[in-house]
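K.L.:
quick check, what structure comes out for this input:
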Amino acid sequence: MSIRFKYNIQREDWPKIGYGISAVWMFGVLFYTEGETRHPFFQYIFIVPLAAWILALAIGAAFRRLRSDKD
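P.N.:
From the prediction side, this is the model:
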């Protein structure tokens, strides 16, 4: 028997969580680079959140497809 952890997060709340994580990332990069746009790490300020959003959309689509196959 496997133990599964279930989170009861509503579908409408996931974008809010994503916005919050993206904002924390951007503020973290700004803090780390001290606002210096020539810093090598600054180039990741938008690339990482964009990649995370695309990955999250792909994972969500895969889960929806798996869920619809079970029905």
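K.L.:
what's the host helix or strand of residue 31 in contact with?
P.N.:
Residue 31 belongs to helix 13-33 when assigned by DSSP states H and E. With contact meaning Cβ atoms under 8 Å, 6 or more residues apart in numbering, helix 13-33 is reached by 9, 39, 41-42, 44-46, 48-49, 52-53, 56, 60. For every residue, glycine as well, the C-beta is placed using N, CA and C.
K.L.:
can you do 10 Å?
P.N.:
Under the contact criterion Cβ atoms under 10 Å, 6 or more residues apart in numbering, helix 13-33 has outside partners 9-10, 35-37, 39-46, 48-50, 52-53, 56-57, 60.
K.L.:
would you mind finding the longest helix in this protein?
P.N.:
Identified as the longest helix of the chain according to DSSP state H is helix 47-70.
K.L.:
please spell out which residues along that one are buried.
P.N.:
Within helix 47-70, the residues that qualify as buried are residue 49, counting by 16 or more other Cβ atoms under 10 Å.
K.L.:
fine, thanks again, bye for now.
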